[in-house]
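Visitor: heads up, no residue letters with this:
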């Protein structure tokens, strides 16, 4: 798409003599624009910076701050004072926001939190140290403070942390006209809501009414007659990942959150859920690779180091197991060094086959496709795929080694070891995450290390062991 | 959470003498329930099966069909005739749905598609063979057919395929009262809509009105006065991944889709987008592992085989490059077989370090966090993390090898090779996906193969080369 076709970009700013689009076609700020703003800040020309940034959406202002270097951010934020709204803070990457918040006085943080919806205020405050949290809470208005403290009393990453307390609830005996009049008068409603919850006198949800249903019904209609009685209620202590799956499964736009006694205590809307889905899916990519669940490019270097080095050390230990296996065959290798040339092929391709199965299995578990009902079928399926893959690769490498090295014995040995290792990889790739999940562990966290250990050790053992057993290295 | 607390599960069915919940606390159908239904079908007792399944949400009926074995599905679907609504089909996994559709007559498929919204009908029809597509289209009602054909004329995975054509658009000079009256009278509106689009006389979008804004404004208010003028318009040929990022970034619930001339042609709602976000994130996990972008546990074995074996063959080729490197040092290995014992450690831990960086980089690119503005900063960041990781692992393995094998020379060589390889891994892990992205390729697709080739080859080269150069194996 050329720039001129980019009809989606509403904002464009005068950059020098020509009128350039601020964003590229993928909604990223253009580097020239970012530079222009930072140069203005650098030159002390705050007014130009504010003029440039003023028309941007809060999400784009947040992007701008993230794209600035760490040492430029403080100056940028100072220059943009007034433009950096609570919405901008809510959109910021966690690591970058923490950095900025650390520089602020408790009173400033409290003021910002007071202007946010509960869920955003909680996100702002929950990552602070206990002391700082306390200092900020003390500076907040009593009812805002009570709302945040209540949210913080729920477990991290639970529905209680994500929900907002402002919502719209009406009794079932109201007529549509009454609801419309109430909505027109009531000032204390959330900025965005898409459904009205219908509650019993003791504040238990009994139904849900889409706003379109209210709009499309005559004023005399009873709310109880047009509400959907089948509701999807979210327990306040439900894990946010399960909340996200529920939103996705039942195509929800908002949902009522209820406490243990079933009373309506809050509402979760889909815009918060989209972030969670993105986060949880990213988490699986990162965890499978051993990069830690919070690894992103804004994470401070020392934290990235800490979360990654743990897995590298784990990987070092499993590599030592593989080395121990090889050591048992040192004499064979001395007599026939070509074994050492070929052995990484068996381990490497096996490892890759294991990772493939692992990725499919972890995603199937995470999206609730793989349950105890179809567990054994999934295992059977992976065995069949592994058999086909194993036979193909075994033939290729067997024929290749026979032709290039002129030893059909070696060709047969590597083919057999490869087939065996790919079968082991398929089994390990599906059974290890299933087993971890059964014991309540996150299958994305440690599966890779176990699978690699299996495919490395068994790959070397099968190849070197077989070569030794048939007397190739005799 | 115990079963009795599971207040979220509205449906419960009489299973024998006791009243059990049909779903577990993570919204998965309980195995006992699945078995009960399948046993009933097996025994020819369709009525019991229908009674059990009747109260389920379409998404749960879809899950039930997915959880059944492939050879049980046809019988199940026959027994549940009438319960399997178009909504159930729309919720089904692509692979499972294709299977079912293949068994149906074109007329049946056409009838089902006719009852769906355009986007779901397109999803149903787009995966059929050209001939079958034609046969189904010919059996459809003319206007449904025209809608589907138009959608199919847009590229796969573009906004035009995902959008629905039914939407609610009003002129800016209308008053709120007029809009409400129109909504009450007009029958041909989508089932779900959350915003009303405001259009100019030539049907260009000029603003958006949330339903809550309409409900909360007096009847005499002009729509033009309460609409949001800053809109996020989606070009009809935009890739669905970019659409999803835009929804996420700007927290959209629905958005107008416009054609090349800027006319309003459709609407995309957030429920369709949630699926896309989930899909695209899963794709990254699968592609990075080399399992193919459609790998899921419902994919037919032969297709899984085809998509996976390609990457295993690619992996085999890169393993051959590594083997070629080792072969240059065969004499060193013959003289000192312990080199062969240790070399997989250098390659393996390096490979893991590369995968960590790769995962972080690919996700940052996919979520638009990493742009040309902060590219070099990200590279610098990975170099620093790699340096810290490399030093840590080098010290551990160097000291370990010195103590266990009693050779400080070998310890020094493996430590140096390890540090070097982890640095290479960090650089390759960030530069390879950035380069692929710059040339318009999907960085998730081929990056792993290149990174592994680098870390394997360079790991072996550095370790064996250094050991040979310093005369250890002399």
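Guide: Alright, I've got the coordinates. Bear in mind that the values here come from a model prediction, so they are computed numbers and not experimental data. Numbering: from 1, shown residues only, chains lettered A, B, ... in the order given.

Visitor: Please count neighbours and contacts with C-alpha atoms only from this point.
Guide: OK.

Visitor: Return the residues of the stretch 351-474 of chain A in contact with chain B.
Guide: Applying Cα under 8 Å from any Cα of the partner chain, we find that the stretch 351-474 of chain A lies next to chain B at A:352-353, A:355-357, A:359-361, A:363-364, A:368-374, A:377-378, A:381, A:384-386, A:388-389, A:392-393.

Visitor: Mark which of the residues you listed are part of helices, please.
Guide: Filtering these for membership in helices, criterion DSSP state H, returns A:352-353, A:355-357, A:359-361, A:363-364, A:377-378, A:381, A:384-386, A:388-389, A:392-393.

Visitor: Centre-most residue in chain A?
Guide: With distances taken as Cα atoms, centre = their mean, chain A has residue A:279 as the residue nearest its mean C-alpha position (1.7 Å).

Visitor: Is that one located within a helix, as I assumed?
Guide: Yes - counting by DSSP: H, G, I helix; E, B strand; the rest coil, residue A:279 is located in a helix.

Visitor: now it: how far from residue B:338?
Guide: Counting by Cα to Cα, to the nearest Å, the gap from residue A:279 to residue B:338 is 44 Å.

Visitor: Residue A:269 too?
Guide: Note on residue A:269: its distance to residue B:338, by Cα to Cα, is 60 Å.

Visitor: Repeat that for residue A:270.
Guide: Note on residue A:270: its distance to residue B:338, by Cα to Cα, is 58 Å.

Visitor: With residue A:187 instead?
Guide: The spacing between residue A:187 and residue B:338, counted by Cα to Cα, is 77 Å.

Visitor: and if you look at residue A:338?
Guide: Counting by Cα to Cα, the gap from residue A:338 to residue B:338 is 14 Å.

Visitor: SS state for the residue lying closest to residue A:292 once chain neighbours are set aside?
Guide: Ranked by Cα to Cα, 6 or more residues apart in numbering or on different chains and with sequence neighbours excluded, the top spatial neighbour of residue A:292 is residue A:307, at 5.2 Å. When the structure is split into helix, strand and coil by three-state DSSP, residue A:307 lands in helix.

Visitor: where along chain A do the strands fall?
Guide: For chain A, strands defined by DSSP state E occupy the ranges A:12-15, A:18-21, A:169-171, A:195-199, A:205-210, A:234-235, A:254-258, A:264-269.

Visitor: any weak-confidence spans in chain A?
Guide: Scanning chain A for pLDDT under 70 picks out A:1-20, A:474.

Visitor: if you set the cut-off to 50 instead, what comes out?
Guide: By pLDDT under 50, the weakly predicted segments of chain A are A:1-19.

Visitor: what domains does the record give for it?
Guide: According to automatic domain parsing, chain A comprises the domains A:3-157, A:169-281, A:301-469.

Visitor: Relative to residue B:289, which of those domains is closest?
Guide: domain A:301-469 (5.1 Å; Cα to Cα).

Visitor: which residues does residue A:430 contact?
Guide: A:357-358, A:361, A:378-379, A:382 (Cα atoms under 8 Å, 6 or more residues apart in numbering or on different chains).

Visitor: Any chance of a markdown table for the residues you listed, columns neighbour count?
Guide: Converted to a markdown table, the contacts of residue A:430 look like this (neighbours: other Cα atoms under 10 Å in any protein chain shown):
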| residue | neighbour count |
| --- | --- |
| A:357 | 31 |
| A:358 | 32 |
| A:361 | 29 |
| A:378 | 19 |
| A:379 | 20 |
| A:382 | 27 |
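
Visitor: Among these, pick out the one closest to residue B:169, please.
Guide: residue A:361 (44.2 Å).

Visitor: ok now do the closest one, which residues does it touch?
Guide: With contact taken as Cα under 8 Å, 6+ apart, residue A:361 is in contact with A:370, A:429-430, A:433-434, B:296-297.

Visitor: what does the stretch 101-250 of chain A put close to chain B?
Guide: A:180-181, A:183-185, A:192-194, A:211-212, A:215-218, A:230-235, A:242, A:246, A:248-250.

Visitor: Would you mind checking these for buried ones?
Guide: Applying 16 or more other Cα atoms under 10 Å in any protein chain shown to those, the neighbour count classes A:180, A:183-184, A:193-194, A:211-212, A:215-218, A:231-235, A:242, A:246, A:248-249 as buried.

Visitor: Select from the residues you listed every entry located in helices.
Guide: Per DSSP H, the subset of these in helices is A:180, A:183-184, A:211-212, A:215-216, A:242, A:246, A:248-249.

Visitor: Which two of the residues you listed have the greatest separation?
Guide: Spanning the widest gap among those are A:184 and A:242, at 35.0 Å by Cα to Cα.

Visitor: For residue A:129, grab the count of nearby residues.
Guide: Other residues within reach of residue A:129, judged by other Cα atoms under 10 Å in any protein chain shown, total 11.

Visitor: ok, it to residue B:465 distance?
Guide: Note on residue A:129: its distance to residue B:465, by Cα to Cα, is 50 Å.

Visitor: and what of residue A:300?
Guide: Using Cα to Cα, we find residue A:300 at a distance of 35 Å from residue B:465.

Visitor: who's more crowded, the two?
Guide: Higher neighbour count among residue A:300 and residue B:465: residue B:465, with 20 against 15, using other Cα under 10 Å.

Visitor: Now do the contacts for the more buried one.
Guide: Taking Cα under 8 Å, 6+ apart as the criterion, residue B:465 is in contact with residue B:329.

Visitor: now do residue A:64
Guide: By Cα under 8 Å, 6+ apart, the contact list for residue A:64 reads A:29, A:34.

Visitor: same thing with residue A:345?
Guide: For residue A:345, the set of contacting residues under the criterion of Cα under 8 Å, 6+ apart consists of B:316, B:319-320, B:323.

Visitor: For those, which single residue is the most surrounded?
Guide: Ranked by neighbour count under the definition other Cα under 10 Å, the contacts of residue A:345 are headed by residue B:319 with 25 neighbours.

Visitor: residues touching that one, list them.
Guide: Taking Cα under 8 Å, 6+ apart as the definition of contact, the neighbours of residue B:319 are A:344-345, A:348-349, B:453, B:456.

Visitor: same question, residue A:347
Guide: By Cα under 8 Å, 6+ apart, the residues touching residue A:347 are A:421, A:455-460.

Visitor: which one among those gets closest to residue A:114?
Guide: Nearest to residue A:114 among the contacts of residue A:347, with distances taken as Cα to Cα, is residue A:455, at 54.1 Å.

Visitor: From residue A:414, how far off is the closest one?
Guide: Distance from residue A:455 to residue A:414, counting by Cα to Cα: 15 Å.

Visitor: got it, and residue A:156?
Guide: Here the criterion is Cα to Cα. By it, residue A:156 lies 50 Å from residue A:414.

Visitor: Tell me which of these two has more neighbours.
Guide: Just comparing residue A:156 and residue A:414: by other Cα under 10 Å the higher neighbour count belongs to residue A:414, 30 against 15.

Visitor: pretty sure the more buried one contacts residue A:395?
Guide: No - in this structure, residue A:414 is not within contact of residue A:395 by Cα atoms under 8 Å, at 9.6 Å.

Visitor: Can you give me every residue that contacts whichever residue of the stretch 51-200 of chain A sits closest to chain B?
Guide: The minimum distance from the stretch 51-200 of chain A to chain B, using Cα to the nearest Cα, falls at residue A:184 (4.1 Å). For residue A:184, the residues meeting the contact criterion (Cα under 8 Å, 6+ apart) are B:215-218.

Visitor: Go back to those residues and keep what's next to chain A.
Guide: B:215-218.

Visitor: No further questions, thank you.
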